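Trainee: Pasted the sequence and its predicted model underneath.
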Protein chains: 2
Amino acid sequence: MSDVYLVGAGMTEFGTFEDKSVKELGGESVYRALQSSGVDKEDVEFASCGNFGSALFGAQGKTVGQLSLKEVGITGIPVVNVENGGATGAQSFQTAWAEIASGRSDVAIALGVEKMSGIETDEMLDVMANAGDRELEGGNGITWPGLFAMIARRRMHDAGTTREQMAQVAVNHHQNATENPYAQRPADITMDDVFNSPIVADPLRLYESCPTTDGAAAVILASESVVEEYTDDPVRVAATTQLSGTYPDDLDIARAETVGEAATRAYDEASMTPDDVDVVEIHDAFSVEEPIYLEELGFCEFGEGDELVENGETQLDGQIPFCPSGGLLARGHPIGATGIAQLVELYWQLRGEADGRQVPDAEVGLSQIVGTFVNIDYGCVIVNILEQA
Amino acid sequence: MSDVYLVGAGMTEFGTFEDKSVKELGGESVYRALQSSGVDKEDVEFASCGNFGSALFGAQGKTVGQLSLKEVGITGIPVVNVENGGATGAQSFQTAWAEIASGRSDVAIALGVEKMSGIETDEMLDVMANAGDRELEGGNGITWPGLFAMIARRRMHDAGTTREQMAQVAVNHHQNATENPYAQRPADITMDDVFNSPIVADPLRLYESCPTTDGAAAVILASESVVEEYTDDPVRVAATTQLSGTYPDDLDIARAETVGEAATRAYDEASMTPDDVDVVEIHDAFSVEEPIYLEELGFCEFGEGDELVENGETQLDGQIPFCPSGGLLARGHPIGATGIAQLVELYWQLRGEADGRQVPDAEVGLSQIVGTFVNIDYGCVIVNILEQA
């Protein structure tokens, strides 16, 4: 298999864009990724596009890859549309990675796009039920905020996680987003602001829950045989792993063991340990996720993640910065785009291009995302490790 | 890259199944594919699932792969959900193929499933508009039957195609389906029956238009290093190609040049010519497609396809049998499953297991499908060539 490199990255601003269609958003992200690179559109041999459910949100929701690429004049190539719940964008990346790794193509684009704005909350919950089992989960009234609230309560019971520790995650990520011009919800907030924001699903409050977002992101991948034609400063994909859960009867929802297993495999693939990682982007759709993933990604033992957050170790100047971009909480969460946006941020971080939110001397970055909350053990977990080449 | 083999195949009956959920249909197809093979479920390392839009049809429509596999106890592996309009099932196959070809996995399952029944025609047309550009096509009132009716009229003008020649396709495929126990619409019909059936979009009539279908299909793929563990009689994937259209300003809708280009690449990849092919499954969503693809797949020149149909050359005992299964017209067209069902049929044909519809001495089979009718040049064309190993 060929080594795979990132040689370009771009994204739209994340927010609410009533006047932009899905294909316009997707096309814009591809255009920006191409502009950031030395890659000509004629060089692109393959494309993958992640879109979770824009059709369910009332917009163009199929054929999204072809239509987005046609916006910028890329035609006549294989284009694959993929979906994996919240991990949809990361799936798009992994599908393009496989194409390059197999040796079939030398240059590929992975994009992700979602347009979610304009529908009511009850419709949103119904749409999002498709990212779980509609019969066993959604059909019994379980929603995503509700599930993560249950996890938060279990965490508080089993690991002693405090409300303040969870709120600190929200404060950190919104603060980071103030230095990210692409972020939807930059905010210089305090813990009091978090506690004064409306309850979404007790104990989780508004600032602890990701917003509804429109946006798109794209990265350009190249094989080892052509990477030098495009840049002197590429980013290498050291590992990309994916797993579905095993749905054990004795599932412990205060943990996320499928994430732990995927991370273990990723470190093995990269021949690295957690100590090698300088910067991390996670699936922080809800604040409670950060301490859990700190543990599962190997940065500490079970029950120690909360204290790392409290001590500021996941802030920009901490021991292991989490979500310098602002994460899903503050950059926003256009579902199909998020997994790619994480890689865009790591690409910028590893090239030293992240401006006011730059993690000093970042050489290795890790992204983690979960999707499809099937029976509370995740139908799709993806962990990627990138490094300066 | 590893050679890739099919070592198992199975499908549900196609029809209307009000009491079966999407995951039950998907799981049933996987179960049958496993039962047909020597593959144990613990051996499966990767899965791909095609589903076009069951969520849009009011059913579980995301996470379909994970949920279907969980039905039969396959968990803890990477599962990718893919979509490419009418070519969604074929995309699922191609994604699993890439995984095996890359050397990352040795055994993979590709499944496809769709549950379309239970919604009204106007809703169906709205859902299907997602397989084109909602703005430029659906938004201007263009529907799939309407588009193929336009193509039929253009064919009649440019190639001299007659109504009788198109109706003959419907007669052939419904006749073939009478020998296929999985077919939705087996019927021993005459040309008069076709002409007496209701008009769907002039000149196309009911028997010339594929029905609305529930169903699922699955194939099991193995690498060259493990294939002998599972069967003495595998089927080799000689070629699998995909292209999106180039959307030229002077597009000729009496032809399908993107299909021609994909076929040329497939023959090159397989080191074969059309003369080598013994049996064909095409995207016969509408009768008019058969003469077009006869030409584009290289079995004759432009304008000669109609006469081949008229002379019976695409019937079971003809020179190049098309759609022994009954095709989309008579086996049915559960969108995400169809591309896999084509391969299931070819698997049976090449192993001599197709009973009353067996093509004698079939050694090489070709499947062709189109999806995502973007600006009438197809956003996705997939051509596969399979052969006895």
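Mentor: It's in. Quick caveat, the model's predicted, so the values are computed rather than measured.
Trainee: ok, A:Leu206 - contacts?
Mentor: A:197-200 (Cβ atoms under 8 Å, 6 or more residues apart in numbering or on different chains). Where you see a C-beta, it was placed from the backbone N, CA and C, and this is true even at glycine.
Trainee: From the residues you listed, keep the buried residues only.
Mentor: Buried members of these, counted by 16 or more other Cβ atoms under 10 Å in any protein chain shown: A:197, A:200.
Trainee: how about the contacts of A:Leu206 in TSV, adding pLDDT and secondary structure?
Mentor: Supplementary listing: the contacts of A:Leu206 in TSV, determined by pLDDT from 0 to 100; DSSP: H, G, I helix; E, B strand; the rest coil:
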residue	pLDDT	secondary structure
A:Ser197	98	coil
A:Pro198	98	coil
A:Ile199	98	strand
A:Val200	97	strand
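Trainee: Out of the contacts of A:Leu206, which are close to chain B?
Mentor: Here nothing survives when these are matched to chain B using Cβ under 8 Å from any Cβ of the partner chain.
Trainee: which one of the contacts of A:Leu206 is nearest chain B?
Mentor: For those, the minimum distance to chain B (Cβ to the nearest Cβ) is 22.0 Å, reached by A:Val200.
Trainee: what's around the residue nearest to the closest one when sequence neighbours are not counted, how many residues?
Mentor: Spatially, and ignoring its direct neighbours in sequence, A:Val200 is nearest to A:Ser209 (4.4 Å; Cβ to Cβ, 6 or more residues apart in numbering or on different chains). As a burial measure, A:Ser209 scores 23 neighbours (other Cβ atoms under 10 Å in any protein chain shown).
Trainee: How about A:Asp276?
Mentor: Neighbours of A:Asp276 using other Cβ under 10 Å come to 15.
Trainee: Spatially, what comes nearest to A:Cys49 if we skip its sequence neighbours?
Mentor: Going by Cβ to Cβ, 6+ apart, A:Cys49 has A:Gly65 as its nearest residue, at 2.9 Å.
Trainee: Where in chain A is the helix or strand with the lowest mean pLDDT?
Mentor: helix A:121-128 (a mean of 88; mean pLDDT, DSSP states H and E).
Trainee: so how far is A:Glu353 from the residue minimising distance to the centre of chain A?
Mentor: Central residue of chain A (Cα atoms, centre = their mean): A:Gly339, 3.3 Å from the mean position. Between A:Gly339 and A:Glu353 the computed distance is 20 Å (Cβ to Cβ, to the nearest Å).
Trainee: And for A:Phe373?
Mentor: For A:Phe373, the distance to A:Glu353 - Cβ to Cβ - is 34 Å.
Trainee: Look at these two and report which has more neighbours.
Mentor: A:Phe373 (25 against 12).
Trainee: Can you list phi and psi of the closest residue in space to the more buried one that isn't next to it in sequence for me?
Mentor: Residue nearest to A:Phe373 in three dimensions, not counting chain neighbours: A:Gly132, with 4.6 Å by Cβ to Cβ, 6+ apart. Main-chain dihedrals, A:Gly132, degrees, to the nearest 10: phi -140, psi -160.
Trainee: Do you know the pLDDT at A:Thr372?
Mentor: In this prediction, A:Thr372 carries a pLDDT score of 76.
Trainee: tell me the contacts of it?
Mentor: Counting by Cβ under 8 Å, 6+ apart, A:Thr372 touches A:84-87, A:131-132, A:378-380, B:62-63, B:66.
Trainee: switch to 7 Å and redo it
Mentor: By Cβ atoms under 7 Å, 6 or more residues apart in numbering or on different chains, A:Thr372 lies in contact with A:84-85, A:131-132, A:378-380, B:62-63, B:66.
Trainee: Residues contacting the least confident helix or strand of chain A, please?
Mentor: Contacts for helix A:121-128 (Cβ under 7 Å, 6+ apart): A:53, A:56-57, A:143-144, A:212.
Trainee: restrict these to those near chain B?
Mentor: A:53, A:56 (Cβ under 7 Å from any Cβ of the partner chain).
Trainee: re the thing from before, out of the contacts of A:Thr372, which are inside strands?
Mentor: Those of these mapping onto strands are A:Cys380, per DSSP state E.
Trainee: Could you single out the nearest of the contacts of A:Thr372 to B:Gly298?
Mentor: A:Asn84 (37.2 Å; Cβ to Cβ).
Trainee: thinking the closest one is in contact with A:Ile369, fair?
Mentor: No. Counting by Cβ atoms under 7 Å, A:Asn84 does not reach A:Ile369; the two are 9.0 Å apart.
Trainee: Which one of these two is surrounded by more residues?
Mentor: Using other Cβ under 10 Å as the criterion, A:Asn84 and A:Ile369 rank with A:Asn84 on top: 37 against 31.
Trainee: Any idea how many residues pack against A:Asp377?
Mentor: 23.
Trainee: Now the phi/psi pair for it, please.
Mentor: phi -130, psi 10.
Trainee: which element is the closest residue in space to it that isn't next to it in sequence on?
Mentor: Counting by Cβ to Cβ, 6+ apart, A:Asp377 lies nearest to A:Gly245, which is 3.1 Å off, once chain neighbours are set aside. Per DSSP states H and E: A:Gly245 is located in neither a helix nor a strand.
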